[in-house]
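Engineer: Sequence unavailable; structure follows:
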Ligand SMILES: NC(=O)c1ccc[n+]([C@@H]2O[C@H](COP(=O)([O-])OP(=O)(O)OC[C@H]3O[C@@H](n4cnc5c(N)ncnc54)[C@H](O)[C@@H]3O)[C@@H](O)[C@H]2O)c1
């Protein structure tokens, strides 16, 4: 069993740390946020994720998972810090740079650094170069140069789906890209200790590209579904019925349209590809534009309907970026609510996954869906949470409804 440090204890790092501890490793979770460290030390998760709380309590209770604010020497160091984009859609690798600076002093000969964060192509090589500059006493790998090193470096992107993270960390297939083949093999040994899905060894640039291609694929396909929803609206057609019928074709599988695209991955990662070579990525950039435009269209539809019932509030069902999570990052539903609130609309918001509304919407009422529907003249279904599925159709009757999430689609 190995000593493993997991740097960044968020949606990815915390489940990874808990699973590694369950597999018998001695794990030090490391995060710059003292509240996160404190919660983990107490065996509590700071976000909702099925099975995580149970796993965490067992890991902390067994003494195999501890948490701290700074890294310590270990056999494996997993970097799971955020990699967002800037306001002008460029990769923001500042968290990774800070984590690299904190990690460098504790590197010891024989250890392996694994970058799990989603990164632009070339980021793993830059990580190796930065560590080499910070630790001239250690031999760091150079891409493709198969020679002895003191510190191995690999990129193993996470492909988990929030809401199924624990199960997917174990079962998903993995792409493990090394700076060298030896780096990939050493990283692979760690995943072999807890992951049951097939593991595919390659170089780090390919692994970076694969992860970005996966999320750009999803984004482009969702953009197609969203574009169909705009066309159907213009032509007076039911997009959900039309897609259901089109998908009866043996070689057609159109995705579901929605209020937009949110979350920390699909709305962000395609920009890493577009930024690398803008002129070579017109489709990816257009898909981003189509998906980014959708929340404004839904807000405009709701505004237009609300004009017909000006004395009654608008009920919004769902605020998170997708069903059955408590995650608001890049949420199109949140943007729609903010746009309507900025117009001065009275909003009743049903969001069963949040204990309270986010600060920008605190002046709105946070109600159970039934109560919100009863009082509203207009309804926006923004997220198809499971909890909304049992609402009777009659609760929507007589109201202007924009069903952006397809909750009411047969
Ligand atoms: N959330 C997902 O479902 C998902 C899925 C696949 C890949 N990813 C990728 O995984 C990476 C992490 O995403 P996440 O969703 O877990 O992010 P997150 O924001 O939930 O968590 C990141 C954590 O890192 C901590 N942190 C920031 N800088 C740090 C530093 N210098 N040292 C130590 N800790 C630091 C933060 O305090 C935070 O707790 C990103 O690159 C993301 O794109 C996420």
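Structural biologist: Happy to help now that I have it. If you're wondering where the values come from, they're calculated on a predicted model, not measured in any experiment. Numbering: from 1, shown residues only.
Engineer: Quick check: chain neighbours aside, which residue is closest to residue 404?
Structural biologist: Here the nearest residue to residue 404 in space, its sequence neighbours aside, is residue 259; by Cβ to Cβ, 6 or more residues apart in numbering that works out to 4.2 Å. The way it works is simple: take the backbone N, C-alpha and C, and place the C-beta from them, glycine included.
Engineer: where does the one you found land on pLDDT?
Structural biologist: What the model reports as pLDDT for residue 259 is 98.
Engineer: Same question for residue 208.
Structural biologist: In the predicted model, residue 208 carries a pLDDT score of 98.
Engineer: Output the contacting helices and strands for the helix or strand containing it.
Structural biologist: In the assignment (DSSP states H and E), residue 208 maps to helix 204-235. The helices and strands touching helix 204-235, judged by 3 or more Cβ pairs under 8 Å, 6 or more residues apart in numbering; DSSP states H and E, are helix 123-134, strand 152-155, strand 174-178, helix 239-246, helix 269-276, helix 282-306.
Engineer: Single out the most deeply packed of those.
Structural biologist: By mean neighbour count, with neighbours taken as mean count of other Cβ atoms under 10 Å, strand 152-155 ranks first of those at a mean of 29.
Engineer: Give me the helices and strands touching the helix or strand following it, please.
Structural biologist: Scanning the chain past strand 152-155 towards its C-terminal end, the next helix or strand to appear is helix 165-171 (assignment: DSSP H and E). With contacts defined as 3+ Cβ pairs under 8 Å, 6+ apart, helix 165-171 has these neighbours: helix 13-22, helix 52-61.
Engineer: Check which residues of helix 165-171 are buried.
Structural biologist: Judged by neighbour count (16 or more other Cβ atoms under 10 Å), helix 165-171 contains these buried residues: 165, 166, 168, 169, 170.
Engineer: any idea how far the ligand is from the fourth one?
Structural biologist: Per Cβ to the nearest ligand atom, to the nearest Å, residue 169 is found 10 Å from the ligand.
Engineer: can you pull the pLDDT of that residue?
Structural biologist: On the pLDDT scale, residue 169 is placed at 95.
Engineer: My understanding was that it contacts residue 19; is that so?
Structural biologist: Yes - applying Cβ atoms under 8 Å as the test, residue 169 and residue 19 come out as touching, 5.6 Å apart.
Engineer: where do the contact lists of those two overlap?
Structural biologist: Shared contacts of residue 169 and residue 19, defined by Cβ atoms under 8 Å, 6 or more residues apart in numbering, are found at residue 194.
Engineer: Quick check: residues of the stretch 251-400 of the chain near the ligand?
Structural biologist: 264, 265 (Cβ under 6 Å from any ligand atom).
Engineer: Spatially nearest residue to the one residue in the stretch 251-400 of the chain that gets nearest to the ligand (excluding sequence neighbours)?
Structural biologist: With Cβ to the nearest ligand atom, the shortest gap between the stretch 251-400 of the chain and the ligand falls at residue 264, namely 4.7 Å. Once its chain neighbours are removed from consideration, residue 264 has its nearest residue in residue 329; the separation is 4.9 Å (Cβ to Cβ, 6+ apart).
Engineer: what phi and what psi does the backbone show at residue 236?
Structural biologist: In this entry, residue 236 is assigned phi and psi values of phi 70, psi 40 (degrees, to the nearest 10).
Engineer: what does residue 260 give?
Structural biologist: With angles defined as degrees, to the nearest 10, residue 260 sits at phi 150, psi -160.
Engineer: Now do it against residue 199, distance only.
Structural biologist: Spatial separation of residue 260 from residue 199 under the definition Cβ to Cβ, to the nearest Å is 34 Å.
Engineer: Check residue 356 too.
Structural biologist: The gap separating residue 356 from residue 199 is 42 Å, by Cβ to Cβ.
Engineer: Compute the number of surrounding residues for the closest residue to residue 384 other than its chain neighbours.
Structural biologist: Spatial nearest neighbour of residue 384, excluding adjacent residues (Cβ to Cβ, 6+ apart): residue 405 at 4.1 Å. By other Cβ atoms under 10 Å, the residues close to residue 405 number 24.
Engineer: same thing with residue 8?
Structural biologist: Burial measure for residue 8: 27 neighbouring residues, criterion other Cβ under 10 Å.
Engineer: residues touching it, list them.
Structural biologist: Neighbouring residues of residue 8 by Cβ under 8 Å, 6+ apart: 30, 31, 79, 80, 81, 82, 95, 99, 117.
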